[in-house]
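> Make a model of this:
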Amino acid sequence: MKTETLTLQKFVYGGETLGRLSDGRAVFVPYAFPGETVRVRLVEDKKRYARAELVEVLTASEKRIEPRCPHYFTPTPAGGAACGGCHYQHIPYQEQLQLKSDVLIDQLERLGKIEDTPIQPIVASPQPWNYRNHVQFHISPEGRLGFQSPRSQGIIPIDECHLPAAAINELWPQLDMESIPGLDRVGVRVGADDDLLVVLESSDPQPVSLDIDIPISVVHLGPGGRLVLAGDDHVVIAVDEQLFRVSAAAFFQVNIPMAEKMVHHLLDNLPLSEETTIIDAYCGVGLFSAFLAPHVGRLVGIESSPAACADFVINLDKFDNVELYEAPAEAALPKLDMHPEIIVVDPPRSGLDRHALDGILSLEPDTLAYVSCDPATLSRDAKRLTRGGYQLQQITPFDLFPQTYHIESISFWVKA
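Okay, here's the model as predicted:
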């Protein structure tokens, strides 16, 4: 496909930098810096915009740094595959923090129609590297562990990765997947005391086997359900001295120091009292509920994952003021007959389902705390919250995912 030379203008959400083609159309280029003059090759050519791969940096930004990982993208005339796990290794960490704040503001003001976004300083990760307690690998046709290449289904085998915690990095190179048919993905999760859980996700109904001579837990997840092959079906993760059981199929935050900061941010900013009724929607295994429950009169959790619900019951067992609805938030919220003073939501990347948001508006909480992992869907939901009579009081970005474009945030909404 054809190449063009252009000067890039600004960072945009998704790990890309915006430029203009010779015909005036917007073009989105990954692995670049605003102000750089680059040569690009179009890989997606639409009527109103295009996407391109970086072929050559002709005039580099003085801020550009050398990536730490050899699997990170390096521009070459022939193009070439790159691991899609990181997007910002060419950017100094302090610059990553600033661009994420700027992108969050841009999304809220441009898409969410929020004026003068009341953004607070971004909370940096204490560990910009080796922070992940959970990693999911794909399997290459040769049986090697790797990650998907950007914008493709191709798997890039890796020899090293600088995002997982040390215990995971010690384990995964020892895993031999070459002789396991039907295996789709391999997850590795580390808990307290460096306990390790390997999760084998397979499309084959027959359980697979994994031969490894070290004390770890292994669980197979397939069409036939869950099967424990070795050890336990869960790990125990500590957050600010609170222990959480996390099963193989359950979600949990991957950056524990940042999870602690988010918990304390909620505790510091929510108006909690013994008279408060609070709903924790998309509550998972109970991360936020466990810290909120001691400060309120009643806490109602809502979660659709059976595995997470089973963990929630164990993790919150000591509280008499806690109840749990095992149902999708979009099904449960519209049917609740109560007036909660506070609702906390932590939806997936797709944001709030339309029926879930309708349910929130019908319950009319005094305060809504929205934990978001996607500025675009947050901005979409912000428009409906504003139309529903809520005002954005403040929003704080949290950098749970250094070296990537992902932006976590907590926003507080009050009745206008």
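> ok, which stretches of this protein are helices?
Along the chain, counting by DSSP state H, helices occupy 93-110, 166-171, 256-269, 287-292, 306-315, 329-332, 354-363, 375-387.
> what packs against the fourth one?
Spelled out, that is helix 287-292. strand 242-247, helix 256-269, strand 277-281, strand 298-303, helix 306-315 (3 or more Cβ pairs under 8 Å, 6 or more residues apart in numbering; DSSP states H and E). All C-beta atoms are positioned from the backbone trio N, CA, C, and that covers glycine.
> which residues touch the second one?
It stands for helix 256-269. Residues outside helix 256-269 that contact it (Cβ atoms under 8 Å, 6 or more residues apart in numbering): 123, 125-127, 131, 133, 237-240, 253, 287-288, 291-292, 295, 344, 369, 371, 394, 396, 398-400, 408, 410, 412.
> re the thing from before, between the helices and strands packed on helix 287-292, which one is nearest to residue 99?
Nearest to residue 99, of all these, is helix 256-269, at 17.9 Å by Cβ to Cβ.
> Quick one: low-confidence residue ranges for the stretch 101-250 of the chain.
Residue ranges of the stretch 101-250 of the chain with pLDDT under 70: 179, 207, 209-210.
> and stretch 33-40, how far apart are its ends?
13 Å (Cα to Cα, to the nearest Å).
> Show residues contacting it.
3-11, 17, 19, 27, 29, 32, 52-61, 63-64, 75, 90-91.
> List only buried entries from the contacts of helix 256-269.
Those of those that meet the buried threshold are 123, 125, 131, 133, 237, 239, 253, 287-288, 291-292, 344, 369, 371, 396, 398-400, 408, 410, 412, by 16 or more other Cβ atoms under 10 Å.
> What is the neighbour count of residue 181?
10 (other Cβ atoms under 10 Å).
> Next up, the contacts around it.
Neighbouring residues of residue 181 by Cβ under 8 Å, 6+ apart: 204, 208.
> what's the answer for residue 139, then?
Shown in contact with residue 139 (Cβ under 8 Å, 6+ apart): 145-146, 155, 177, 183-186.
> any idea which of those residues has the most stuff around it?
Neighbour max across these (other Cβ under 10 Å) = residue 145, 23 neighbours.
> How about residues contacting the longest strand that the chain contains?
In the chain, with assignment by DSSP state E, the single longest strand is strand 49-59. With contacts defined as Cβ under 8 Å, 6+ apart, strand 49-59 is touched by 3-5, 7, 16, 21, 25-32, 36-44, 64, 73, 75-77, 79, 151.
> Generate a ChimeraX selection restricted to the buried entries among the residues you listed.
In ChimeraX, a selection of the buried entries from the contacts of strand 49-59 looks like this (16+ other Cβ under 10 Å):
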select :4,16,21,27,28,29,30,31,32,36,38,39,40,41,42,64,73,75
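> returning to that earlier point: looking at the contacts of residue 139, which are in strands?
145-146, 155, 183-186.
> Closest one to residue 279 out of these, please.
residue 185 (32.7 Å).
> Just the buried residues of stretch 107-114, please?
Within stretch 107-114, the residues that count as buried by 16+ other Cβ under 10 Å are 107-108, 111-112, 114.
> for stretch 141-148, same thing?
Across stretch 141-148, burial judged by 16+ other Cβ under 10 Å covers 144-147.
> got it, and stretch 8-20?
8, 11-13, 15-19.
> what do you get for stretch 94-107?
95-97, 99-101, 103-107.
> try stretch 399-408
So for stretch 399-408, counting by 16+ other Cβ under 10 Å, buried means 399-408.
> As CSV, the residues you listed with pLDDT and distance to residue 160 would be great.
As requested, these are exported to CSV (pLDDT from 0 to 100; distance: Cβ to Cβ, whole Å):
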residue, pLDDT, distance to residue 160
399, 98, 22
400, 98, 22
401, 98, 19
402, 98, 17
403, 98, 14
404, 97, 17
405, 97, 21
406, 97, 21
407, 97, 26
408, 98, 26
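> Quick check: the farthest pair among the buried residues of stretch 141-148?
144 and 147 (11.0 Å).
> Pull stretch 172-179 out as PDB, backbone CA atoms only.
This file holds the C-alpha atoms of stretch 172-179, laid out as PDB (Å, rounded to 0.1, in the frame of the first residue of the first chain):
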ATOM      1  CA  TRP A 172       6.000 -19.000  32.300                       C
ATOM      2  CA  PRO A 173       9.200 -19.800  30.400                       C
ATOM      3  CA  GLN A 174       9.100 -23.300  31.900                       C
ATOM      4  CA  LEU A 175       5.600 -24.000  30.500                       C
ATOM      5  CA  ASP A 176       5.800 -26.300  27.400                       C
ATOM      6  CA  MET A 177       2.500 -26.100  25.400                       C
ATOM      7  CA  GLU A 178       3.700 -27.800  22.200                       C
ATOM      8  CA  SER A 179       2.100 -31.100  22.900                       C
END
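> what does that stretch contact?
135, 137, 139, 142-145, 159, 161, 164, 183, 186, 188, 198, 210-212, 214.
> Ok, stretch 146-156 next?
Residues outside stretch 146-156 that contact it (Cβ under 8 Å, 6+ apart): 30, 43, 51, 71, 73, 81-85, 137-141, 157-158.
> what about it, start to end distance?
For stretch 146-156, the first-to-last residue distance is 5 Å (Cα to Cα).
> got it, and stretch 366-378?
Termini of stretch 366-378 sit 19 Å apart (Cα to Cα).
> For that stretch, list every residue counted as buried.
367-378.
> for the buried residues of stretch 8-20, which one is nearest residue 247?
So of these, ranked by how close each gets to residue 247 (Cβ to Cβ), first place is residue 15, at 31.2 Å.
> these two touch, right, that closest one and residue 90?
No. The criterion here is Cβ atoms under 8 Å, and residue 15 misses it with residue 90 at 10.8 Å.
> who's in contact with stretch 353-362?
With contact meaning Cβ under 8 Å, 6+ apart, stretch 353-362 is reached by 281, 328-336, 343, 345, 347, 352, 368, 381, 384-385, 388-389.
> can you map out the strands along the stretch 1-150 of the chain?
When assigned using DSSP state E, counting those that start in this stretch, the strands of the stretch 1-150 of the chain occupy the ranges 3-7, 10-12, 16-20, 26-30, 37-45, 49-59, 134-139, 145-148.
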